[in-house]
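Trainee: what follows is a predicted protein model with its sequence.
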Amino acid sequence: MEYARQIEHADIVHRCFRCGYCKFPEDYVDFNCPSYKAFGWDTFSPGGRMWLIRAWLNKELETSPHFSRILYSCVACGNCKDQCVYPRFKDYLLNVFEETKAQLVNEGRIPPEVRDYFKAVSVNGNPYKQPQEERGKWADGLGLKEFTNQEYLFYVGCVGSYDEVGQRMARSVGRLLSETGVSFGILGKEETADGHEVKVLGETGLFTALAEENIMEFKKKGIEKIITLDPHALNVFKKDYPRLGGKFEVFHYTEILAHLISNKHIPLSNYRAKVTYHDPCYLGRHNLIFEPPREVLKGLPGIEFVEMRRNGPSAFCCGGGGGNFFTDMVGPGENSPARVRIREALDTGAEIVAVACPQCAKMLDNAIKSEGLENRLEVLDLAEMVNRVRSIG
Amino acid sequence: MKDIYHALVEIMGERGVSNRPEEIWFYGRDPGVLSPHPPDYVVAPETTEQVQKVVQLANREKIPVVPMGNGMALTGLVIPLKGGIVMDMKRMNKILEVNEMARYVVVEGGTSQGTLKAHLRDHYPNLRHSLPDAPPTTTIAANVALHGQGCLTQQYGFNSDMVTGLEVVMPTGEICKIGSPSLGPYWFSKGPSLPDLSGLFLGWLGTTGIFTKVGLKLFPNKKIREIEIFVTDKAELVPEIIYKLTHLEMLEDLNAWFQPKPLMFKDNYHLNIYFTGDSEKEIEFKRTMIWDALQKFIDNKDGGFMNVQAMKPNLMESPQRGIAAFADVPRGGGFEYSGPITLIELYPRFAAKVVELAEKYDVIYSSAARVISGGHSMMFSISFAFNRADPAMMERVKKALDEATEFALKMGGIPWKPNHFEQKMTMARMDPNTLKLLLMIKQNLDPHGIMNPGNWEVN
Amino acid sequence: MEGGYMNSLKFNEEVCASCPSADCLLKCQYMEFEKDEAHDEMMKIFKGQDSRVLQDCVTCYACEEYCRRGNHPFYLIGERREEKGIYTAPRAITNQWINLTQMQGKQMVGVVKDQALSACFIPELGALGSGELFEDVSPAVTFGAEFMCPAVHTHFAKMSVVKERLPRVMENFKKLGVKEVICLHDECYGTYTSIAQAYGIEVPFKPVYYMDFLLDRLKELKDKIVPLNIKAAYQRPCSNRLIPEKHRLVQEIMDLIGVEVPERKYQGDNSLCCAEIIRSVAGYKLADDIQRRNINDMLEAGAEYCVFNCPACQSSLSEKVTKKGLKPVHIIDLCKTAIGEKGREG
């Protein structure tokens, strides 16, 4: 069957010069495109993808498993669109990749891992194929209230609901918010997937269905303000839900924490540790939230905060974005992004890598094990950090 | 016939070889105007040994090998004209050694300009290298291999003049050290005071060997870097202006450029005069020397210094991102330039030629000339932008560039990083004995003609 | 469009001939004259004869203020220079300015009804004309070469460019149907009053000087003003010399927002311009000397801030005053700080 290959931003594809600025962060210290770093072929860099997509649109290249892999190994970290030197189209690079993936979805020519992901979300409502009934189990024993008409909804997401590391984070954040008197409720087993990764992976139909359902439910419940655990949820609620009718005020939990810490709402004791911070792409680069997590860390007495070499807008992605957290298109290996990032964290001399995203948490946690650094580095999310500093003395 | 693919996998590992359509398509072309040609394989070595083994295999099996950095020379020098193996050097990206006192660095054959810049900034802030304005992903080895230039070229010559030693994998597979590294652990000289063998490799566009290590001079990095821009409406005054400025022996980079748009640049020739210093006093002294040097032109209203405030942030970037942005002027993702080396006194003739070619071929132009070695010569670039989705435009650009090179040769200039057509034009004009020597060297170093074939060939 | 201009300078020889003072040249900060000599030079200029003024005038605009009889001596100097082919700045710089400010159909026009807020062709003005002070008028902003006052070309003795472009700018405003244009720049207001009047060019709207507008707004928002309690020197721009009657507004605004402007040598009539154009026209030595004297004078007066009225002055001098320990700020930003819209210093 002949598929028409049409993407919305086709008119910018040929304008890429494949100069390679997109491979680097602003100060060129190391390659900052995770798939390029992992695979080492120009075809796996943003410029390479643009050129291949041009060839594919012109029918000079056929769809193939390798072509799909190249597309799906993009972690959507956004470094390329920040660094691209062409102001007239740099902002649409990720759109081009997403639209091309959507075409592959239409053709049914997607990697099996991606197909399985869509199936799990579609059938089970989450990528873990776990029962919907168990979605709220992460909150067991915490005494958190169901959302009725509190000020905020605390939206946890699939990783926070079902993944061990994610659940740990969700519990820390939930506990902290509750004990500091923030007015919030959760959806528990009524919560459904936000659809962010579904969209990034190109299943626009499934995404729209998920989003519209969420929007309807949120409106029905009178939800106006949302605190997210996962920056991926923050991103989709802020950027994609409004055009589907869902306009909410969305915060990341670190923004709330920063406010609580700076207003001294949390009694803290001294906890001596050297800590570095990994900027999640969907919190930092995509949504420009760099300072609140740092305010949290700098507000903890005894903590020595050190920046990684690549931080803030230049942060190197953990490799979990673009659905890779679930599909693992980038693969393991010495140059896998999470392992590169952990080595960078180690170079700071820090004992703790603070994170603000359950996907980063899990990716970096696994990387510590792969690098054999369990005795030297620990991954903690910011709420866990704060709880640790609270519990002493 | 032996299974070449598996032989390559044995050398490189699965990760290091590809003959998949996507890599074949991508690595068979560059962003310039020349037609692509697919390789048969692409490899990406991480060690000198891997490079050597691939070359040995290629020699045995008579398969072409084409080394590449980032492929931004734009003149098709990384296109495998006769198929074979394209060797992407960029995984060899380490900085091996910096000798701060002697001011040199040793890098691998794929180390990028950006990586070196960041490394020096982080660890050796007193040192810098001659950074070209090409994107920072371009490699040091490729840049010196084709006599590239950079921001220190006005002071110190071509970037290839700054080489302090090489490790080369010969076309016949031997690993050869060139210069002081051939005698000891130091990388301070590419040749002198012995017969300078680096000349067998620099400028040969990958036809006589593959660089796996490059020693490169580093230079003092001053605290302050400043710019003045002198503007004149008369091209014929540019040589004298440059002469007066270079007499000062105080400048860093010196570029003369012109372009028709944006409108504020129309009909004028601009000279970017960079200078550096460690104190305000030094900077202000140099600034007044620069202004005084050109007072005559100011008095005659023939030229003046323009206000640089608005443009300064872009001009102080190193490399300048705006240069790559020229490619999007026709909203088409491409530009290519011919940048012959020639005498500065010929500037007005070259400047007129650019405009003439742009009108004749209906293409968008820009031009920048970089002064080399205090004024002994200049690299005069004639640059045309094109829309990659418009093959007719690309063809016109190609013709315009060919004519530009013909003109440069006629004027006694030397093409820089010539494409294989321009190489033939050059060889056709060359002194016959010089050509004989060139071909004899190539034949001896590469008896099977496997190294980037199609380049520096007569027929 | 051919170079036949409908408008010529309305310079009255009789007014000059009967002038008792010749202050236009006598008070010049850059050329020295004996009294009779000044008068004679002016007459020579009128008659189209050679005069050293045509070589040596640095285009500071001050004589437009010094002439109390409104006879536009500076514009006359410009006319004569152009007739004789005399350039002030080098040709390439002169032409660069002409090319830079060409109308190219790239203007930006907000929602304009009766009133427009003109940001000329200076992006910084767009940023300044914002916030609560301008909230009623900022949606009606105009920006672009199509709405740019061509006054700058008087520095380069290109009066023909001024005469060619000003009517077209007027036409562009006329097409918008505006009745009032608030000018965020002295140069614009000076063009639509002084230059237009001098050349008999019709202005189809009422020009409003931004400081008049600002003063009214500050009075409306009086309750929000928290005095700044700072000492500032004021950098008077060259174009204020075209509208000297508006200079007093600076003090009125400063009084309202609690800024003390200590007496200094180079103020009022005796102000020094930012000297950036002088750098192109008369060389760096003179420009550096002017800037040095000006900044030292600010410091000696005890100023903490250097307050600007013109983005071009601000661009020329900000870095230099900062190096000497003064804080550069535009007067509009100072007003924004006074009403709590912009952060105060620590």
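Mentor: Yes, it's here.
Trainee: what average pLDDT does stretch B:252-259 get?
Mentor: The predicted model assigns stretch B:252-259 a mean pLDDT of 97.
Trainee: so does that stretch get close to chain C?
Mentor: No: using CB under 8 Å from any CB of the partner chain, stretch B:252-259 stays clear of chain C, with a minimum separation of 10.9 Å. In short, each C-beta sits where N, CA and C put it, glycine included.
Trainee: and the lengthiest helix in chain A, how far from the chain's centre?
Mentor: Criterion DSSP state H: the longest helix present in chain A is helix A:204-221. Its chain's C-alpha centre and that of helix A:204-221 lie 20 Å apart, by CA atoms, centre = their mean, to the nearest Å.
Trainee: all strands for chain A, in order.
Mentor: A:152-155, A:184-185, A:225-228, A:249-252, A:273-277, A:303-306, A:352-355, A:378-381 (DSSP state E).
Trainee: the last one packs against which elements?
Mentor: If you count contacts as 3 or more CB pairs under 8 Å, 6 or more residues apart in numbering or on different chains; DSSP states H and E, strand A:378-381 packs onto helix A:164-179, strand A:352-355, helix A:358-370.
Trainee: got it, and the fifth one?
Mentor: Other elements packing on strand A:273-277 under the criterion 3+ CB pairs under 8 Å, 6+ apart are helix A:291-298, strand A:303-306, strand A:352-355.
Trainee: repeat that for 6 Å
Mentor: strand A:303-306, strand A:352-355 (3 or more CB pairs under 6 Å, 6 or more residues apart in numbering or on different chains; DSSP states H and E).
Trainee: can you list the buried residues in that strand?
Mentor: Neighbour-count burial for strand A:273-277, counted by 16 or more other CB atoms under 10 Å in any protein chain shown, picks out A:A273, A:V275, A:T276, A:Y277.
Trainee: just checking, the second one touches A:G302?
Mentor: This points to A:V275. No: between A:V275 and A:G302 there is no contact under CB atoms under 6 Å: 10.1 Å.
Trainee: just to revisit the earlier point, ok, so of the buried residues of strand A:273-277, who is nearest B:W416?
Mentor: A:T276 (46.0 Å; CB to CB).
Trainee: let me see the contact set for the closest one.
Mentor: A:V306, A:M308, A:A345, A:T348, A:A350, A:V353 (CB atoms under 6 Å, 6 or more residues apart in numbering or on different chains).
Trainee: again, 10 Å this time
Mentor: A:297, A:304-309, A:311, A:344-354, A:377 (CB atoms under 10 Å, 6 or more residues apart in numbering or on different chains).
Trainee: same check, this time on A:R168
Mentor: A:W138, A:G160, A:P358, A:A361, A:K362, A:D365, A:L380, A:D381, A:A383, A:E384.
Trainee: how is chain A divided into domains?
Mentor: A:10-110, A:130-257, A:268-392 (automatic domain parsing).
Trainee: now the ones you listed as CSV including mean pLDDT?
Mentor: Output for the domains of chain A, formatted as CSV (pLDDT from 0 to 100):
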stretch, mean pLDDT
domain A:10-110, 96
domain A:130-257, 97
domain A:268-392, 95
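Trainee: next, format those as a markdown table and append distance to B:M68.
Mentor: Formatted as a markdown table, the domains of chain A follow (distance: least, CB to CB, whole Å):
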| stretch | distance to B:M68 |
| --- | --- |
| domain A:10-110 | 9 |
| domain A:130-257 | 32 |
| domain A:268-392 | 20 |
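Trainee: relative to B:E457, which of those domains is closest?
Mentor: Per CB to CB, nearest to B:E457 of the domains of chain A: domain A:10-110, 27.0 Å.
Trainee: which residue sits closest to the residue of the stretch 51-200 of chain A found nearest chain C, ignoring its sequence neighbours?
Mentor: Nearest to chain C in the stretch 51-200 of chain A, going by CB to the nearest CB, is A:R88, at a distance of 14.8 Å. Nearest non-adjacent residue to A:R88, counting by CB to CB, 6 or more residues apart in numbering or on different chains: B:D328, 6.1 Å away.
Trainee: most centrally placed residue in the chain?
Mentor: Chain wasn't specified; assuming chain A. A:H232 (4.4 Å; CA atoms, centre = their mean).
Trainee: sorry, I should have been clearer: chain B.
Mentor: Note: chain B centre (CA atoms, centre = their mean) maps to B:G148, 2.9 Å.
Trainee: pLDDT score for that one?
Mentor: So B:G148 comes in at 97 (pLDDT).
Trainee: going by proximity to chain A, name the top residue of the stretch 151-300 of chain B.
Mentor: Counting by CB to the nearest CB, the stretch 151-300 of chain B gets nearest to chain A through B:P262 (14.4 Å).
Trainee: which ChimeraX command selects the buried ones in the contacts of A:T276?
Mentor: Listed next is the ChimeraX selection for buried residues among the contacts of A:T276, using 16+ other CB under 10 Å:
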select /A:297,305,308,309,311,344,345,346,348,350,351,352,353,354,377
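Trainee: also within reach of chain B: list those from the contacts of A:T276.
Mentor: A:R309 (CB under 10 Å from any CB of the partner chain).
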